[in-house]
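A.B. asks: Here's my sequence, what's the structure:
(chains A and B)
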Amino acid sequence: MEYYLIVSAIMFFAGIYGFFTRHNTLAILISVELILNATDINFAVFNRFLFPDGLEGYFFALFSIAISAAETAVAIAIMINIYRNIRSIQVGKLNDMKW
Amino acid sequence: MEYTIFILLLPFLSFLTLGIAGKWMTHRKAGFIGSTVLAVVTLLSYITAWQYFSAPRLEDGTFATLMPYNMTWLPFTETLSIDLGILLDPISVMMLIVISTVSLMVHIYSFGYMKGERGFQRYYAFLSLFTMSMLGLVVATNIFQMYLFWELVGVSSYLLIGFYYTKPAAIAASKKAFIVTRFADLGFLIGILIYGYYAGTYTFQPDEMSLLTGGAAMLPLALGLMFVGGAGKSAMFPLHIWLPDAMEGPTPVSALIHAATMVVAGVYLVARMFPLFIGYAPDVLHIVAYVGAFTAFYAASVACVQSDIKRVLAFSTISQIGFMMVALGVCTSADPHHGGLGYMAGMFHLFTHAMFKALLFLGAGSIIHAVHSNEMSAMGGLRKYMPVTHVTFLIACLAIAGIPPFSGFFSKDEILAACFQFSPVMGWVMTAIAAMTAFYMFRLYYGIFWGKENKELHTEHTPHESPLAMTFPLMFLAAVTVVAGFIPFGKFISADGTAYTIHLDWAVAGSSIAIAVASIAIATILYARSQQPVADALARRFHGLWTAAYHRFYMDEVYQFVTHKIIFGCISRPIAWFDRHVVDGFFDFLAWSANATSDEIRGLQSGQIQQYTYVFLLGTLALILLLLL
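C.D. replies: This next block holds a predicted model:
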């Protein structure tokens, strides 16, 4: 089981790293997807190896995938609005709410 | 005697009326209101004196001390409080007469002297304020009430000296007078507080129990400090510096305040505390005498070379008040026959001096009004143009020189007799100062009325005699000066209150008359002619001494040095540096550090989402660590 968890951990931290370092907002969204997929893998793994008699883990992973899809749609809508305002998708340019 | 409250109330109401409504009154109406109120006050003072002194004496031969009013005003403890009231006592009744008479004469005189001046109504308002304050001072029932009115008198003097407030010299003089007397009043206040604590009361009869249990040892200190306050107000050396400069005020003000009434407040204080001085602090009383003698000598020597006639009269006042202080100071007991003669002599001299010094100042005002200048160089030969002023001024000069039958002879003779009773040295010193007095007064007289006439000045504007409003007070005061010497003063006022008949000691009297006549003769030889070869030769021969005396022995420069170099430089400047750099610096530092901290923290609000989530991650990690540990 541990090998699957290592894979999901690598995916999770890669997503976090990408979130902090990427300048392109689409790349940030991709990183967020990576994080969410890593947690889905975690749920599936725990269900198969620790609770083989139930199916709750798989159902929760299904819900999570659906929610992440919805959230991606909303994020894309926000990004389109941002582009319409500042004509750029570099996250460094999005700093009006500062001191 | 309940009507005595009106003696204080009427001038106060007059001050309020003239002060508030003065600008809507004509000059005539304001002067009329002021003078009428003073006339009523004078009448009431005379009625009070008549009633007081014609009442039968008590068994021990003294006049009863009456207190028609005595209201507890500010209580400190159950036993100690500040009262307000009216005390009628031989010296306070005498002072009522002096103050109201001189003030009335000044009110009438100012009608003519201040004619056409801007601020006429304000002038009369301040005169009423001053009269009320001085009357309140002399009838005070306790030392704190006296202090209250003492300060009021100082304020009135400040307002009146600075009457011509557009003139910088007048403003500087009024500030100097107020600050010097206020500085002396610090000593006065400390003395009052020590007295109140150790004597158990602020009235003039201390609580015997408190005194027996240790208070009596502190009483000399308290009385000495009170004398410091009196020395400031009465222009004793070295607190005399304000009085010559105070001559910047209008001349009637100089007559009222700085000759006859306010400057004798210190003498009155010592007289009021006299029983306590004799009983508990006789050495302090002798210090009073020495200070007075030195002041008299200093002022007489400076007066011999001044050229401004008001300055000569100012120094003459300082010198004569020195005489009064000496008279009080040489007393060794309260028995007028053995050692207490000085009390009666000092009070008598206060009375006669007020009259003839006011006369001298009002006469000087008349002269200044005629020649439009204070300097003796603009005068000379004025006896042809101003007969009334001439005769009255001459009477006053003879009185101050101590020539019989004028009043000054009798009072000064008593002072000299008291000094000789104390010690021959003191007696001869004071006789010498009396000779100097006669000399410089006649130098002044000859310089104004005889000598070389200033023809250029007189062709433009011929001097003329003053109007009746100004000459009537001169004539009245001259009449008083002529007869006042014959008042049997000792019957009314003496050191223990019993009647005392004045005997003329012909040894003392004869020597003083001879010396005075000799001084007048010297002055005549030196100054009566148009040319003054002997005087000029003497001035050249003793040039250094003459210049030093002309500059008042550089006392003002000494004060400037002490205040600017020592007090400002060594004390004030370091304290100001400390205040600006250390105290303010501390608060500036606090503000700076708050500012710097917030500058650092502000970087956190960068608007970058990635930074915010980074901080969020760090916080999460910190929490996990915390939970693990």
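
A.B. asks: B:Thr141 contacts B:Leu88, correct?
C.D. replies: No - at 9.8 Å, B:Thr141 and B:Leu88 do not qualify as touching, with contact defined as C-beta atoms under 8 Å. Where C-beta positions appear, they are placed from N, C-alpha and C, glycine not excepted.

A.B. asks: Give me the common contacts of those two.
C.D. replies: Residues touching both B:Thr141 and B:Leu88 (C-beta atoms under 8 Å, 6 or more residues apart in numbering or on different chains): B:Met67.

A.B. asks: Can I take it that B:Ile82 is in a strand?
C.D. replies: Yes - looking at B:Ile82 with DSSP: H, G, I helix; E, B strand; the rest coil, it is inside a strand.

A.B. asks: residues touching it, list them.
C.D. replies: B:Ile82 touches B:73-76, B:142, B:144-145, B:202, counting by C-beta under 8 Å, 6+ apart.

A.B. asks: let's see it at 7 Å
C.D. replies: Neighbour list for B:Ile82: B:73-74, B:142, B:144-145, B:202 [criterion: C-beta atoms under 7 Å, 6 or more residues apart in numbering or on different chains].

A.B. asks: tell me the mean pLDDT for the lengthiest strand in chain B?
C.D. replies: The strand that spans the most residues within chain B, counting by DSSP state E, is strand B:66-75. Across strand B:66-75, the average pLDDT comes to 88.

A.B. asks: Pull out the buried residues from it.
C.D. replies: B:66, B:69 (16 or more other C-beta atoms under 10 Å in any protein chain shown).

A.B. asks: What of stretch B:155-162?
C.D. replies: For stretch B:155-162, burial by neighbour count (16+ other C-beta under 10 Å) applies to B:156-162.

A.B. asks: hang on, the earlier thing: from the contacts of B:Ile82, pick the one nearest B:Thr42.
C.D. replies: Minimum distance to B:Thr42 across the contacts of B:Ile82 is 22.7 Å, recorded for B:Gln145 (C-beta to C-beta).

A.B. asks: and the helix ranked longest in chain A, what other elements does it pack with?
C.D. replies: Ranked by residue count and defined by DSSP state H, the top helix of chain A is helix A:56-86. Counting contacts by 3 or more C-beta pairs under 7 Å, 6 or more residues apart in numbering or on different chains; DSSP states H and E, helix A:56-86 is packed against helix A:25-50.

A.B. asks: Off-centre distance for the helix it packs on?
C.D. replies: Distance of helix A:25-50 from the chain centroid (C-alpha atoms, centre = their mean, to the nearest Å) equals 7 Å.

A.B. asks: mind listing what the closest residue in space to B:Ser210 that isn't next to it in sequence touches?
C.D. replies: Leaving aside its chain neighbours, B:Ser210 sits nearest to B:Gly200 (3.6 Å; criterion: C-beta to C-beta, 6 or more residues apart in numbering or on different chains). Contact analysis of B:Gly200 by C-beta under 7 Å, 6+ apart lists B:79-80, B:206-207, B:210.

A.B. asks: near chain A too, which of the contacts of B:Ile82?
C.D. replies: When contact is defined as C-beta under 7 Å from any C-beta of the partner chain, the contacts of B:Ile82 do not meet chain A at all.
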